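Q: Quick check, what structure comes out for this input:
(chains A and B)
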Amino acid sequence: ETGVTQSPTHLIKTRGQQVTLRCSSQSGHNTVSWYQQALGQGPQFIFQYYREEENGRGNFPPRFSGLQFPNYSSELNVNALELDDSALYLCASSLRRAQETQYFGPGTRLLVL
Amino acid sequence: AQSVTQLDSQVPVFEEAPVELRCNYSSSVSVYLFWYVQYPNQGLQLLLKYLSGSTLVKGINGFEAEFNKSQTSFHLRKPSVHISDTAEYFCAVSDGGAQKLVFGQGTRLTINP
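A: Here you go, the predicted model:
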């Protein structure tokens, strides 16, 4: 059974640029959630996708957007990067019920200069 | 709105000593509670979760947690820690309707030989 994978592992961008992060969900899972983890902080919920539609969003501006594909993989796009966007971005896949465990990938570490 | 408070940012203990990591939550609805562990440069791994039923929950690697509704707490315990338990531990809550996880700030567990 393949777990959650994310690419790339590390990324360096400059302020104002755009970035796309990718996530492959665990086999059989239909829901993907994205979290931002700033240094020394707990993860914060960005949004969730279920069957290719956004299914809940945290307190993040519209320049954070996402996609989910028919195979349930997902992308996180961030436009107009700001220095504060530097963080570890975590993807989690699950089945769509609140009691289901979310399985996390290793994350993509983004540095914005 | 839900929130999670982890009462200790760092907990140093000696190897083979017992440990307790404290977590308090606030929510106006029924909740599901989780403890995740994050090893250096890795994603999050589920240790255990409370959904309903018995208030004492056993997880992986010898960890257990007790749900206390009156004190809105979900403390994590291990009777004897090992060097390999050195990691960051996160308490999280989700409500019964949504799958969004709200995390605490994390507790860094350091094991001294």
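Q: Setting the sequence-adjacent residues aside, check what's closest to the residue of chain A found nearest chain B.
A: Going by Cβ to the nearest Cβ, chain B is nearest to A:Gly42 of chain A, at 3.4 Å. (Glycine included, C-beta is placed from N, CA and C.) Nearest residue to A:Gly42, sequence neighbours excluded (Cβ to Cβ, 6 or more residues apart in numbering or on different chains): B:Phe103, at 3.4 Å.
Q: what do you get for A:Glu75?
A: A:Leu67 (4.7 Å).
Q: And A:Val4, by the same measure?
A: Going by Cβ to Cβ, 6+ apart, A:Val4 has A:Gly105 as its nearest residue, at 3.7 Å.
Q: looking at chain A, which helix or strand is least sure?
A: strand A:53-57 (a mean of 91; mean pLDDT, DSSP states H and E).
Q: In chain B, where is pLDDT below threshold?
A: B:96-98 (pLDDT under 70).
Q: mind running it again at 90?
A: Along chain B, the model assigns pLDDT under 90 to residues B:1-2, B:27-31, B:40-43, B:51-54, B:94-100, B:113.
Q: how many other residues sit next to the residue in it that chain A sits nearest to?
A: When distances are taken as Cβ to the nearest Cβ, chain B reaches nearest to chain A at B:Phe103, 3.4 Å away. Using other Cβ atoms under 10 Å in any protein chain shown, B:Phe103 has 21 other residues around it.
Q: partners of it in the sheet?
A: B:Ala92 (DSSP bridges).
Q: quick one, what contacts it?
A: A:Tyr35, A:Gly42, A:Pro43, A:Gln44, B:Val4, B:Tyr36, B:Phe90, B:Cys91, B:Ala92 (Cβ atoms under 8 Å, 6 or more residues apart in numbering or on different chains).
Q: so what's the spatially most central residue of chain B closest to, chain neighbours aside?
A: Nearest to the geometric centre of chain B sits B:Trp35, at 3.6 Å (Cα atoms, centre = their mean). Distance criterion Cβ to Cβ, 6+ apart; nearest residue to B:Trp35, sequence neighbours excluded, is B:Leu47 at 4.4 Å.
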